[in-house]
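K.L.:
heads up, no residue letters with this:
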């Protein structure tokens, strides 16, 4: 070959030598397939949901702008201001009790059973819905129900034991179940409810006695703008016009902040999982390419003897490796797109996502770019190493291993820079992505010298008496040993096991801790304050040993805080201080003569019984630190349009785990007692829980009150956390699969050298049992050492994901983590022994002829 081959000629040679089943490059295919498929599915699903949230923002919110306020309706002036912006639709949201059967005067048949159930009551006016279409199960497209009628969720129908056309009661008024809800356009923006939905006419809550002064309800108004007005500008204008209104705003751009937050966090986590899978797979790619070129060393040497230049060699094998990488990447993209409809179907009840196949070109391009860049970074070294060595050096590779070539550094560094830029520019959380990249770089930086350190330590250790152990140690530091590659591959592979166990066990720990130590059996809302004695008597009659705790409850917004002569108005803040979440919107308020149960004083003293001096308030210590106030400072709150100021008397530590009453602000009695309000109670039964009987009695005696069973709330919370845990487990399993592929690939990559060693040992008289024992000792020592490294890598990364991304508490189960790590070590040893079995079947004469 006198002249360099052109690309067409190089491809002809590469194609002839390339096995149609990609024999020798399957590890590269599998690794790229796993990583690219994960990134393609994650990116496509996230993009589909985000596009749906953006394009259907008006429909999901029910308007262009939403106003929420507690315990009151809007004033005529406030409604007029909203009408200036466009068409408005208003209504009420609250918890209520529905009852059917004898208690409701139902006429569905003699002997009808009496059922009671908590529901999420939603009243709407004639303009609802402003956007989208509300549909019943029978296919009718309707709006607000007529007076005396209601649309019910299927869950409400089932729990009440009624059918369409039957009667039931909420509060003091009867309703007819006029239809079953099929699609509710603004359901996602309504958020979490403690019961199935019941939709009624706008004036029903007031007619049923549910919105009397002091009742806990929320008024919601949606606006459909006229003339293409920007939601942010409209919100700013309303904030300036009504700075102390206590309104909470939502715009069509953030129709469902909870869904946005969930999609964002899960998308970030899943993207990091996909990148971790690709990083781990990259190690397998490097080992696979090195193993493939090692198997082709004779062909490379022959081509060079026949006159092929280094450029020709690079072109031929770059085309082969590139073809395999392209096939693996395309296969991964296809599977990622195919999996997306299945994921969308699983999430259809939680998030808005299109059904069917969704193709997002941007997400697929990003996934393919990551895959090919990782292949470039990890394949460049072995390829250039084979390109630059002379034919005789390739022939002597068994006894004179090839060294790393500096010519590969520009390719490797260029690919790494491109990956970093791509990660940071496509990530929604660049800081988190930068931390991940820094962690991966630190891990590589630690594992590379660790391999050299292990080789030096193995060389320095005194020679053991056992010949098997002595040979195993020698294999760790002999010329041509694969210790460095194995340390990197096994370290990352085992770290994937630790990462999965740490995340999963922490999520399980948070789920277990979500079951409070002293959770009450029931919450009861809106008990009339003048009927507390009747309520206690009713519960005590059902269970004389029941523990009842009753507290006043109302809603209010913090308007100002700070030193008395220099108070900071919340409306004048440019941004809310970190941790000062209670400054946003309205919060629960109460008053008490005694320190609330489960709270402890951190600073200051509690006021005495029957205190009648200056109004005082007790603050949550964490919230007080966030806004920089302490005993002696002042707090002003707005309750039903009236400003009330109180001096901070003390700071408390709240017990958020007992699921009792935890108010950020607790006032002295004389500060709030005259404000319209009702009572809220918890019930903890000592004997057999009365259950449905008490619910029915409560509905009869207290028709405007709502009774919530805590067990069902906990089940819903556990179900949601369980879904997060399952999704996390499934996603992190991709990284574990990549880790397993790397483990197998690292062992397979060393098979050629192991064949030579095994043949020589057998020629010298070693038995199969002795060779297996030697392999067990070598890999066992290496795996045990790397298990400690995996803990050092996987645990911090797991902490980062759990605490910074999911914002859960760090509650790992160390027993489970160690058990999973032990399983990983066992798999390493098992793969090593399984990889040794074909070597034992190698014929010495044939193997020696192939050297």
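P.N.:
Looks like it came in fine. Just so you know, these numbers come straight off a predicted model, no measurement behind them. Residues are numbered from 1 along each chain as shown.
K.L.:
Let me know the average pLDDT across the helix or strand hosting residue 454.
P.N.:
Using DSSP states H and E, residue 454 sits in helix 430-460. What helix 430-460 shows for mean pLDDT is 78.
K.L.:
Could you tell me which residues within that helix count as buried?
P.N.:
Using 16 or more other C-beta atoms under 10 Å as the test for burial, helix 430-460 gives 432-433, 436-437, 439-440, 443, 447, 450-451, 454-455, 458. (Each C-beta comes from the backbone N, C-alpha and C, glycine too.)
K.L.:
Also stretch 579-587?
P.N.:
For stretch 579-587, by 16+ other C-beta under 10 Å, it's 580, 582, 583, 585, 586, 587.
K.L.:
Let me see the residues that make contact with it.
P.N.:
68-71, 246-248, 555-558, 570, 573, 576-577, 620, 622-623, 625-627, 664-665 (C-beta atoms under 8 Å, 6 or more residues apart in numbering).
K.L.:
Sitting in helices, which of these do you find?
P.N.:
Counting by DSSP state H, the contacts of stretch 579-587 place 622, 623, 625, 626, 627 in helices.
K.L.:
In terms of pLDDT, where does the first one sit?
P.N.:
By that I understand residue 622. Residue 622 is given a pLDDT of 90.
K.L.:
which ones are touching it?
P.N.:
Residues near residue 622 by C-beta under 8 Å, 6+ apart: 579, 654.
K.L.:
same check, this time on the third one
P.N.:
Going by C-beta under 8 Å, 6+ apart, residue 625 touches residue 579.
K.L.:
Where do the strands of the stretch 401-550 of the chain begin and end?
P.N.:
Counting by DSSP state E, counting those that start in this stretch, the stretch 401-550 of the chain has these strands, from start to end: 522-527, 547-562.
K.L.:
Now tabulate the ones you listed in JSON lines and tack on mean pLDDT, mean neighbour count and distance to residue 421.
P.N.:
Formatted as JSON lines, these follow (pLDDT from 0 to 100; neighbours: other C-beta atoms under 10 Å; distance: least, C-beta to C-beta, whole Å):
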{"stretch": "strand 522-527", "mean pLDDT": "83", "mean neighbour count": "23", "distance to residue 421": "52"}
{"stretch": "strand 547-562", "mean pLDDT": "89", "mean neighbour count": "20", "distance to residue 421": "44"}
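K.L.:
need those strands in a markdown table with distance to residue 709, can you?
P.N.:
Shown next, in a markdown table, are the strands of the stretch 401-550 of the chain (distance: least, C-beta to C-beta, whole Å):
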| stretch | distance to residue 709 |
| --- | --- |
| strand 522-527 | 6 |
| strand 547-562 | 16 |
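K.L.:
tell me the contacts of the closest residue to residue 32 other than its chain neighbours?
P.N.:
In this structure, residue 32 finds its nearest non-sequential neighbour in residue 328, 3.5 Å apart by C-beta to C-beta, 6 or more residues apart in numbering. Shown in contact with residue 328 (C-beta under 8 Å, 6+ apart): 28, 29, 30, 31, 32, 33, 36, 371.
K.L.:
repeat for residue 770
P.N.:
With C-beta under 8 Å, 6+ apart, residue 770 has these contacts: 468, 761.
K.L.:
What mean pLDDT does the strand or helix carrying it get?
P.N.:
Using DSSP H and E, the element containing residue 770 is helix 768-799. Average pLDDT, helix 768-799: 82.
K.L.:
Over to stretch 170-183?
P.N.:
On average, stretch 170-183 scores 90.
K.L.:
about what we covered before: how much does the helix holding residue 770 deviate in direction from helix 430-460?
P.N.:
150 degrees (axes from the mean of the first three to the mean of the last three C-alpha atoms, to 10 degrees).
K.L.:
list the helices and strands the helix or strand following helix 768-799 packs on?
P.N.:
Counting by DSSP H and E, the next helix or strand C-terminal to helix 768-799 is helix 814-840. Applying 3 or more C-beta pairs under 8 Å, 6 or more residues apart in numbering; DSSP states H and E, we find helix 814-840 packed against helix 483-513, helix 710-749, helix 751-763, helix 768-799.
K.L.:
and the ones you listed, which one's lowest on average pLDDT?
P.N.:
Looking at the helices and strands packed on helix 814-840, the weakest mean confidence is helix 710-749, a mean of 61.
K.L.:
Where does the prediction get shaky in the stretch 601-750 of the chain?
P.N.:
When residues are selected by pLDDT under 70, those of the stretch 601-750 of the chain lie in 656-660, 687-692, 710-750.
K.L.:
Helix, strand or coil: sort out residue 162 for me.
P.N.:
What DSSP: H, G, I helix; E, B strand; the rest coil gives for residue 162 is coil.
K.L.:
residues near it, how many?
P.N.:
Neighbourhood size, residue 162 [other C-beta atoms under 10 Å]: 23.
K.L.:
Over to residue 766?
P.N.:
Residue 766 has 17 neighbouring residues, counting by other C-beta under 10 Å.
K.L.:
Distance check, it against residue 472.
P.N.:
13 Å (C-beta to C-beta, to the nearest Å).
K.L.:
which neighbours do the two share?
P.N.:
Common neighbours of residue 766 and residue 472 (C-beta under 8 Å, 6+ apart) are residue 774.
K.L.:
pLDDT below threshold where in the stretch 301-450 of the chain?
P.N.:
Under the criterion pLDDT under 70, the flagged ranges of the stretch 301-450 of the chain are 343-358, 388-408, 428-429.
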